[in-house]
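Student: any chance you can model this:
(2 chains)
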Amino acid sequence: AQSVSQHNHHVILSEAASLELGCNYSYGGTVNLFWYVQYPGQHLQLLLKYFSGDPLVKGIKGFEAEFIKSKFSFNLRKPSVQWSDTAEYFCAVKRTGGGNKLTFGTGTQLKVEL
Amino acid sequence: DTGVSQDPRHKITKRGQNVTFRCDPISEHNRLYWYRQTLGQGPEFLTYFQNEAQLEKSRLLSDRFSAERPKGSFSTLEIQRTEQGDSAMYLCASSFRSWQGKGEQYFGPGTRLTVT
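Tutor: Numbers count the residues shown, from 1 in each chain, chains lettered A, B, ... in the order given. Take a look at the predicted model:
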């Protein structure tokens, strides 16, 4: 069965610091990849997605992620975080051509301090 | 577009009682998904519908759980004889079929179930 690993469970950064959150998945076939964000008191929102093509994808609010197939990774990055980026971030994977479920990682809680 | 809505937002029930949750997807979406999320974990897939057909069920969905989408619009998730281990956030999501778009899933606010 496929699995998704997010190695950083809690991250604390100061405003303007750079962010990189790791995500690795175990499935060897073709996948679609997603990052979702959950701001305090809000529901899960899609931050960015990768289906095919350019492995560097850009999402909302200045976030980007890079798909490295050889490393089974889809790390999330932002060059300069803001206090409003405080949230929980989830990486998710969907196998193409075999079911439609998303498999999520356990999430990374990001706290940005002023 | 009002997004995915779920009702109720919170439910407290006693062990052994039955509960039912409702999900209204984004109106144009023909796929609807149910997930469960417990504290410290990411959402876990339970089941999904394409129109009114239930096409996939997780092993997490025990015999006490049943989901329906009778007219291909809203869906209900019923849990019979609730147990304390059923306490969780139940999330609903919807999407287009992959060939209609990219199939990304949009989530509702969830129903938080507490079984006492």
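Student: report how many residues lie close to A:K49.
Tutor: For A:K49, the count of nearby residues is 19 (other CB atoms under 10 Å in any protein chain shown). No exception for glycine: its C-beta is placed from N, CA and C like everyone else's.
Student: got a pLDDT number for the residue of chain A found nearest chain B?
Tutor: Closest approach between chain A and chain B, counting by CB to the nearest CB: A:F104, at 3.0 Å. Reported pLDDT at A:F104 in the predicted model: 97.
Student: my guess is A:Q2 contacts A:T30. True?
Tutor: No. A:Q2 is not in contact with A:T30 according to CB atoms under 8 Å; the separation is 11.9 Å.
Student: okay, these two: which has more neighbours?
Tutor: Between A:Q2 and A:T30, A:Q2 has the larger neighbour count (other CB under 10 Å), namely 16 against 13.
Student: and the more buried one, what does it touch?
Tutor: Applying CB atoms under 8 Å, 6 or more residues apart in numbering or on different chains to A:Q2 gives the contacts A:Y25, A:S26, A:Y27, A:V93, A:R95, A:T103.
Student: from those residues, list just the buried residues.
Tutor: Burial by neighbour count, 16 or more other CB atoms under 10 Å in any protein chain shown: within these this picks out A:Y25, A:Y27, A:V93, A:R95, A:T103.
Student: which ones among the residues you listed lie within strands?
Tutor: A:Y25, A:V93, A:R95, A:T103 (DSSP state E).
Student: just list the residues touching the first one, thanks.
Tutor: Yep, that's A:Y25 we're talking about. Residues in contact with A:Y25 (CB under 8 Å, 6+ apart) are A:Q2, A:S3, A:V4, A:S5, A:V31, A:L33, A:F72, A:S73, A:F74, A:C91, A:V93, A:T103.
Student: 6 Å instead?
Tutor: The contact partners of A:Y25, taken as CB atoms under 6 Å, 6 or more residues apart in numbering or on different chains, are A:V4, A:F72, A:V93.
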